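this one's structure only:
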């Protein structure tokens with residue numbers, strides 16, 4: 001090791017957690033190193049091609065994990081600068097205040113967090129402004145109090161979605177503008193002005209943005225951080241293990257294989273090490289870093305590392321509108337009226353939001369599953385023109401047996417109960433199904449868009465992964481303290497979604513970003 005390889009802070013991973021905390025710390029003037037497993041996503045026409053992205057999975061990591069039966073599956077992970085935010089839908093919701101407390105569900109308890117909504121609220125506001133979130137606080141009756149309005153107005157509905165919003169209101173419901181991170185400037189009719197980076201296209205959801213207008217971690221945080229002379233990044237750096245000093249209290253080496261296609265082993269060191277590899281891979285790194293002082297894995301004296309994996313109970317559904325749906329930018333509406341319960345059920349159901357617009361290539365990819373479900377005289381192109389797409393999101397619960405483990409050959413195993421707390425989600429689907437005729441839809445056509453959910457394999461849909469390195473006040477039941485520092489070590493932090501004790505029923509990205517800003521402030525204080 002040389003002096004040139006020692007840093008004040010090393011951040012492993014450049015997604016919602018790692019990219020955001022690097023941005024926060026860049027202004028400290030301290031020497032910061034980002035280690036990213038992949039490279040920059042290639043900018044090419046296939047970025048916006050449905051067959052390449054969804055059907056062929058061109059940009060997914062070429063690796064396989066094992067389920068609890070030992071069968072292999074390809075996970076929905078992407079190793080690029082910006083992490084999975086390169087492909088996320090940029091729906092940036094706050095968790096509800098109730099999500100931070102204990103909630104009783106049909107199948108069990110969603111545990112309380114060691115911090116409250118009020119502890120995160122200022123950082124939610126900062127994250128919303130940083131990630132250019134467009135929305136309007138006050139429309140959603142389930143949201144918590146806010147210290148500031150969104151810095152950018154909501155993305156206006158196109159005519160068919162505006163009609164859907166009116167029809168939902170006629171049912172006594174409270175649809176609201178979906179909060180979304182895009183670099184969009186609209187005219188008074190909602191169209192992108194000529195200076196707008198975002199062009200309001202139909203590629204916002206699940207596709208990387210070819211014009212850099214989606215608020216992903218690379219565009220918003222990593223690239224600006226790298227403009228600072230004190231921030232460096234090494235790409236194609238696959239961190240294999242963390243090593244500690246003789247006391248086991250301090251990480252002294254970050255060991256990575258660096259380079260593509262001929263990697264070499266390189267060691268780095270830092271006063272503070274921040275892990276942000278994603279909930280599965282962060283747990284894997286800590287487990288792989290087992291040693292004499294940490295025989296169960298690093299930061300794992302509590303035996304919770306890898307446990308309590310969560311990924312939401314999700315459904316991607318497509319309704320068929322009676323009238324054509326000419327919408328391009330469809331991801332503008334959400335509904336939370338049954339988030340915490342309903343008049344006919346005492347338990348939470350979850351939320352409904354719009355998905356990106358289906359096209360004929362995606363529908364063609366679903367054709368074998370839909371055989372006989374759609375009128376045979378409706379070609380794929382016509383069906384796509386009438387499609388209205390919904391995302392239903394319910395909470396799954398943090399069961400200890402839902403866990404990440406490693407085998408002797410370094411294979412990643414993910415055990416998951418795919419039927420965990422799904423009753424609420426099924427009721428949410430029935431709520432939507434029962435309204436279709438009132439929403440201008442064919443009431444018998446509510447079709448699964450499983451290709452969006454990784455070809456119908458729930459275990460493979462890992463985009464909302466969380467919970468494997470949970471934080472808490474008690475070192476016996478948590479791996480991290482309330483500032484996301486490992487209980488067992490003095491200089492190790494974890495800032496991706498693995499710190500979640502529960503996951504709520506909204507997309508986890510904004511909470512990861514807000515928490516990274518919060519923890520970044522604690523680390524900045526420590527560096528001073």
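Everything's here; your move. These numbers were taken from a predicted model, which means no experiment stands behind them. Residues are numbered from 1 along each chain as shown.

separation between residue 459 and residue 55?
Distance, residue 459 to residue 55, using Cβ to Cβ, to the nearest Å: 20 Å. Bear in mind the C-beta positions are built from the backbone N, C-alpha and C, glycine included.

what about those two, which has more around it?
residue 459 (19 against 16; other Cβ atoms under 10 Å).

tell me the contacts of that one?
67, 73, 414, 416, 418 (Cβ atoms under 8 Å, 6 or more residues apart in numbering).

out of these, which comes closest to residue 380?
residue 73 (27.5 Å; Cβ to Cβ).

got the phi/psi numbers for that closest one?
The phi/psi pair for residue 73 (degrees, to the nearest 10) reads phi -150, psi 150.

contacting residues for the residue lying closest to it once chain neighbours are set aside?
Nearest residue to residue 73 in three dimensions, chain neighbours excluded: residue 460, at 4.9 Å (Cβ to Cβ, 6 or more residues apart in numbering). By Cβ under 8 Å, 6+ apart, the contact list for residue 460 reads 73-76, 454.

out of those residues, which are buried?
The neighbour count (16 or more other Cβ atoms under 10 Å) marks 73-76, 454 as buried among the contacts of residue 460.

going by distance to residue 404, which of the residues you listed wins?
Nearest to residue 404 among the buried ones among the contacts of residue 460 is residue 75, at 11.0 Å by Cβ to Cβ.

next, residue 164: secondary structure please.
Secondary structure for residue 164, judged by DSSP: H, G, I helix; E, B strand; the rest coil, is helix.

number of nearby residues for it?
Residue 164 - counted by other Cβ under 10 Å - has 26 other residues nearby.

nearest residue to it other than its sequence neighbours?
The spatial neighbour of residue 164 that comes closest, neighbours along the chain excluded (Cβ to Cβ, 6+ apart), is residue 439 at 6.0 Å.

let me see the contact set for the closest residue to residue 48 other than its chain neighbours.
Residue nearest to residue 48 in three dimensions, not counting chain neighbours: residue 203, with 4.6 Å by Cβ to Cβ, 6+ apart. Counting by Cβ under 8 Å, 6+ apart, residue 203 makes contact with 47-48, 209-210, 356.

where's the closest residue to residue 218 other than its chain neighbours relative to residue 120, distance?
Leaving aside its sequence neighbours, residue 218 sits nearest to residue 82 (Cβ to Cβ, 6+ apart; 3.1 Å). From residue 82 across to residue 120, the span is 23 Å (Cβ to Cβ).

and if you look at residue 86?
Distance, residue 86 to residue 120, using Cβ to Cβ: 25 Å.

equivalent analysis for residue 143, please.
Residue 143 is 13 Å from residue 120, where distance means Cβ to Cβ.

in the lengthiest helix in the chain, what counts as buried?
If you go by DSSP state H, the chain has its longest helix at helix 509-527. Neighbour-count burial for helix 509-527 flags 509-521, 523-524 (criterion: 16+ other Cβ under 10 Å).

all helices for the stretch 51-200 of the chain, in order.
In the stretch 51-200 of the chain, helices defined by DSSP state H, counting those that start in this stretch lie at 117-130, 159-170, listed in chain order.

tell me which residues in the shortest one are buried?
Spelled out, that is helix 159-170. 160-161, 163-165, 167-168.

and of these, the nearest to residue 349?
Of these, the one sitting nearest to residue 349 (Cβ to Cβ) turns out to be residue 168, at 15.3 Å.
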